[in-house]
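Asks: Fold the stuff below for me.
(one chain, ligands or ions: 2)
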Amino acid sequence: MGYDALLWLSFGGPEGPDEVMPFLENVTRGRGVPRERLLEVAEHYQHFGGVSPINRLNRAAIAAVEKQLAAEGLDLPVHFGNRNWQPMVEDTVATMKAEGVRRALVFPTSAYGGYSACRQYDEDIERARAAVGEAPDLVKLRQFYDHPLFVAAVADAVRAAHAELGDRPGIRTVFTAHSIPETADRGSGLPTEGGRRYSRQIAEAARLVAAEAGIAEYDVVWQSRSGPPQIPWLEPDIVDHLDVLHAQGVEAVVVSPIGFVSDHLEVIWDLDNEAAERAAEHGMAFARASTPDTDPRFAELVVELIREHLTDAPVRKLSDFPAAGCTLNGAPCAVGCCEPTKRPGR
Ligand SMILES: CC1=C(CCC(=O)O)c2cc3nc(cc4[nH]c(cc5[nH]c(cc1n2)c(C)c5CCC(=O)O)c(CCC(=O)O)c4C)C(CCC(=O)O)=C3C
Ligand SMILES: [Fe+2]
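Replies: Ligands and ions are numbered 1, 2, ... in the order given. Alright, predicted model coming up:
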């Protein structure tokens, strides 16, 4: 059961003003996102000099994982490729092939199931392999939203944000994730599960983190809605929700972007900017919990997911939902695909 590399597969983001529009065109190709929305989002990027932090954050997380691999005596070179911007995954897989990689594990930088968070990364794998020809076999690691290390890292970040607000009584904790179209959510996961894999996993992760952090009252809301306004997406939006909380007399909020692993542009714009501003308008105290990628447990988590595959270890997870996301060469998830005996590429 040999693997000779790890492919770190992420979303990608621009690294200069001229890269913003071509990046956005890659993201939204054929997805019916209105032009006005694109221009508005381009403004968010230009506000930061056209540079998304996402590539830098991925490189830093990769460096931490490389250290952890070395510390655990695992010889697995890490290659970085993106869906939407350089380094493009097609180029990365071509390099891997040229370097003689025959079989690699893939870590996608999303903890969840659903189309945008999981299935689209399978499509990226398929596209990249097709572009290269006689490509290495690529085995994707599972979804990790309910892994104890993920839950612990997010819970500590939530605790730290509460401490920032002075641990006063009456702080409301609000978990947020990227909104997706209602139809995409309903259609996510195996039909036998009843759909809504994405929003159910988000709700489950929020429940686990709240329990770990000792928080009784919390909300799960959505952010960064895109697409034409007449199409329903998951609601409520975080900014609207702050109005509701204010009307209820809530005076302090901790916002945890549980749907993301890093402080990329959607986090720093939609939360640190828009949501924080709305909270300030209402005179509400606001603290945003950090994302888990900079926590040492994140690198440990990635290496533990790798070890599951290398050693046929059982999955370590806190929810009762079936583990999912392990696929070979971009095939869709199958029932029980992450059980040790059914894992692809054994
Ligand atoms: C579920 C989900 C995640 C979490 C899972 C994961 O992390 O993979 C995620 C992550 C991200 N989304 C990102 C950026 C964007 N997402 C967009 C558009 C969309 N996202 C969607 C969903 C998600 N997105 C959807 C259903 C659309 C509509 C168009 C389509 O169906 O594709 C658009 C287009 C403009 C707009 O309309 O907002 C942009 C620029 C960045 C990078 C930020 C940076 O640059 O730092 C990251 C990490
Ligand atoms: Fe997105």
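Asks: and Leu105, how many residues sit next to it?
Replies: Look at Leu105: counted by other Cβ atoms under 10 Å, it has 25 neighbours. C-beta: built from backbone N, CA, C; applies to glycine.
Asks: Then Pro169?
Replies: Neighbours of Pro169 (other Cβ under 10 Å): 6.
Asks: Model confidence score at it, please.
Replies: Here the pLDDT value assigned to Pro169 is 92.
Asks: Arg346 now?
Replies: Arg346 is assigned 58 on the pLDDT scale.
Asks: interface residues of the stretch 101-250 of the chain facing ligand 1?
Replies: Thr109, Ser110, Ser116, Ala117, His178, Ile180, Ser224, Ser226, Gly227 (Cβ under 6 Å from any ligand atom).
Asks: From the residues you listed, which land in strands?
Replies: His178 (DSSP state E).
Asks: biggest separation within the residues of the stretch 101-250 of the chain next to ligand 1, which pair?
Replies: Maximum pairwise distance among these (Cβ to Cβ): 22.3 Å, between Thr109 and Gly227.
Asks: And the strands in the protein?
Replies: 5-10, 78-82, 103-108, 137-140, 171-178, 218-223, 252-256, 285-288.
Asks: what residue of this structure is the furthest out?
Replies: For the chain, the residue at maximal distance from the C-alpha centroid (Cα atoms, centre = their mean) is Gly249, at 32.0 Å.
Asks: for that residue, phi and psi?
Replies: Phi and psi for Gly249, reported as degrees, to the nearest 10, are phi 90, psi 10.
Asks: Make 25 the first number, not 1, from now on.
Replies: Got it, the first residue is 25 from now on, which makes the last one we talked about Gly273.
Asks: ok so, going back, now that we have the strands of the chain, can you turn them into CSV and tack on distance to Leu325?
Replies: Formatted as CSV, the strands of the chain follow (distance: least, Cβ to Cβ, whole Å):
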stretch, distance to Leu325
strand 29-34, 13
strand 102-106, 15
strand 127-132, 10
strand 161-164, 15
strand 195-202, 18
strand 242-247, 22
strand 276-280, 17
strand 309-312, 22
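Asks: Quick check: which of those strands is nearest to Gly74?
Replies: Once the strands of the chain are compared by Cβ to Cβ, strand 102-106 is nearest, at 16.4 Å.
Asks: mind checking how far that closest one is from the chain centre?
Replies: 16 Å (Cα atoms, centre = their mean, to the nearest Å).
Asks: what's that strand in contact with?
Replies: Outside strand 102-106, the residues that touch it by Cβ atoms under 8 Å, 6 or more residues apart in numbering are 29-36, 79, 82-83, 86, 89-90, 93, 111-117, 119-120, 125, 128, 152.
Asks: Helices - which of these land there?
Replies: The members of these that map onto helices under DSSP state H are 79, 82-83, 86, 89-90, 93, 113-117, 119-120, 152.
Asks: Of those, just the buried ones, PyMOL syntax please.
Replies: The buried residues among the ones in helices among the contacts of strand 102-106 can be selected in PyMOL (16 or more other Cβ atoms under 10 Å) with this line:
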select buried, resi 79+82+86+89+90+93+113+114+116+117+120+152
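Asks: Many thanks, have a good one.
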